[in-house]
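Visitor: Give me the fold of what follows.
(chains A and B)
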Amino acid sequence: MLKIGNFTFNSRLLLGTGKYPDFETQKKAVDVSETDILTFTVRRMNIFEPQQPDLLQQLDVGRYTLLPNTAGAENAEEAVRHAKLAKASGLCDMIKVEVIGCKKTLLPDPVETLKATEMLLEEGFTVLPYTSDDVVLAKRLEEMGAHAIMPGASPIGSGQGILNPHQLDLIIEQAEVPVIVDAGIGSPADAAAAMELGADGVLLNTAVSAADDPVKMAEAMKLAIQAGRLGFEAGRIPKKRYAAASSPMEGMSRT
Amino acid sequence: MNVKLNGEWHEIPDHLDDVRTLLSHFQLDSRVVMVELNDTILEKSEHGNSQLHEGDQIELVQFVGGG
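Guide: From the prediction side, this is the model:
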């Protein structure tokens, strides 16, 4: 069970809803992922096209907890506005703080992220900040009251996997709130690795939506996260410099 | 009356005098729409009693795919 603030979830996979080839594929991918949490973002409506498909209806979102993000916000104030707009839907009070500080790398702005987190906590949101893998910043966010910490594995949409497992390990070790590895996951191996490090969950989007077969990849990610978690709970063996035979040396039959 | 809708000025019929009527005019009433009227974000329950006036700035936003 994954507990974030007052919410409890069966699945440790948080799934993004961007960049799928079509609604049908997306719906199937979401179904097989068995996720409980879907992320969204807030954008202007095209008011002159009322017939445009409604993502929320397509995905039957009543079955999921909505985690809107503040993507596009360039500072804390914009992030808070996005969060309040999302909350005005009456459908959610969790928010993923995402304040980007660099257009090329899409890396989060640590100062504005910290500020936005503080402001949103004061407003009563359940706050999940997307942050860099900085250990001290993660601590500061937790001390401030963030309900989960979401360090990136590598830049958003890059699929580079976990670039600095040591930093993630330290963040996980010190955290008393859930740590969700968010952004940069490329393959099921990356997701499993994050879980084996002891992450409480993984948030991914492009790795599934842009895969050759998003539905199959959604299932692969679900299984990888489950396997990684089981492996973490089971406790892996320490690495040794030399071999250690797994078959007994005694009783060897020789002619 | 002339109002600014999602960043562009539009002439809308005068009988669209509150947010709920405006949403219904644009056939958006069955959708999840979040409304900001002159920098104030409205709860859904406030749509019916939020009066529109000449020169108002209205933002109508929705959830779209994102990660």
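
Visitor: and the longest strand anywhere in chain B, how far out from the chain's middle?
Guide: When chain B is parsed with DSSP state E, its longest strand is strand B:57-65. Averaged C-alpha coordinates place strand B:57-65 at 9 Å from its chain's average position (CA atoms, centre = their mean, to the nearest Å).

Visitor: quick one: average pLDDT of that strand?
Guide: For strand B:57-65, mean pLDDT is 95.

Visitor: Using PDB, write out every CA atom in it.
Guide: What follows is strand B:57-65, C-alpha atoms only, in PDB (Å, rounded to 0.1, in the frame of the first residue of the first chain):
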ATOM      1  CA  GLN B  57     -11.700  38.900 -18.400                       C
ATOM      2  CA  ILE B  58     -12.700  35.200 -18.400                       C
ATOM      3  CA  GLU B  59     -10.400  32.200 -18.500                       C
ATOM      4  CA  LEU B  60     -12.000  28.800 -19.200                       C
ATOM      5  CA  VAL B  61      -9.600  26.000 -18.600                       C
ATOM      6  CA  GLN B  62      -9.800  22.200 -18.600                       C
ATOM      7  CA  PHE B  63      -7.600  19.200 -17.800                       C
ATOM      8  CA  VAL B  64      -5.500  17.900 -20.700                       C
ATOM      9  CA  GLY B  65      -3.000  15.100 -20.900                       C
END
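
Visitor: Is that strand in proximity to chain A?
Guide: Yes - contact of strand B:57-65 with chain A (CB under 8 Å from any CB of the partner chain) involves B:59-65. C-beta here means a position set from N, CA and C on the backbone, and glycine is covered the same way.

Visitor: Sheet partners, orientation included, of that strand?
Guide: If you go by DSSP bridges, strand B:57-65 pairs up with strand A:37-44 (antiparallel), strand B:2-5 (parallel), strand B:34-37 (antiparallel).

Visitor: How about residues contacting that strand?
Guide: Under the criterion CB atoms under 8 Å, 6 or more residues apart in numbering or on different chains, residues A:16-20, A:26, A:40-45, A:47, A:54-56, A:66, A:68, A:85-86, A:89, B:3-6, B:19, B:22-23, B:26, B:28, B:31-39, B:52 lie in contact with strand B:57-65.

Visitor: now, which of these lie within helices?
Guide: Among these, DSSP state H puts A:26, A:55-56, A:85-86, B:19, B:22-23 in helices.

Visitor: How about the residues of chain A by chain B?
Guide: Within chain A, the positions near chain B by CB under 8 Å from any CB are A:16-20, A:26, A:39-45, A:47-48, A:50, A:54-56, A:66, A:68-69, A:71, A:81, A:84-86, A:88-91, A:156-157, A:183, A:203-206.

Visitor: which of those are buried?
Guide: Neighbour counting with 16 or more other CB atoms under 10 Å in any protein chain shown marks A:16-20, A:26, A:39-43, A:45, A:47, A:50, A:54-56, A:66, A:68-69, A:71, A:81, A:84-86, A:88-89, A:91, A:156-157, A:183, A:203-206 as buried within those.

Visitor: Farthest from the middle of chain B: give me that residue.
Guide: Residue farthest from the centre of chain B, counting by CA atoms, centre = their mean, is residue B:67 at 26.2 Å.

Visitor: quick one: the helices in chain A?
Guide: A:23-33, A:55-58, A:76-87, A:110-122, A:135-144, A:165-174, A:188-196, A:206-209, A:214-234.

Visitor: Let me see the mean pLDDT of stretch A:155-175.
Guide: pLDDT averaged over stretch A:155-175 gives 97.

Visitor: swap in stretch A:101-120?
Guide: The model assigns stretch A:101-120 a mean pLDDT of 96.

Visitor: Any regions of chain A where pLDDT drops low?
Guide: For chain A, applying pLDDT under 70 flags no range at all.

Visitor: Please tell me how far the residue nearest the centre of it sits from residue A:107.
Guide: Nearest to the geometric centre of chain A sits residue A:203, at 1.8 Å (CA atoms, centre = their mean). Separation of residue A:203 from residue A:107 (CB to CB, to the nearest Å): 16 Å.

Visitor: do residue A:242 as well
Guide: Separation of residue A:242 from residue A:107 (CB to CB): 41 Å.

Visitor: So between these two, which is more surrounded?
Guide: When residue A:242 and residue A:107 are compared for neighbours, residue A:107 comes out ahead with 17 against 4, by other CB atoms under 10 Å in any protein chain shown.

Visitor: Same list, the strands paired with strand B:57-65, but as a markdown table with distance to residue A:227 please.
Guide: Listed next are the strands paired with strand B:57-65 as a markdown table, based on distance: least, CB to CB, whole Å:
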| stretch | distance to residue A:227 |
| --- | --- |
| strand A:37-44 | 20 |
| strand B:2-5 | 50 |
| strand B:34-37 | 39 |
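
Visitor: nearest to residue A:199, of those?
Guide: Nearest of the strands paired with strand B:57-65 to residue A:199, taken as CB to CB: strand A:37-44 at 14.6 Å.

Visitor: Report the angle between the closest one and helix A:76-87.
Guide: Here strand A:37-44 runs at an angle of 110 degrees relative to helix A:76-87 (axes from the mean of the first three to the mean of the last three CA atoms, to 10 degrees).
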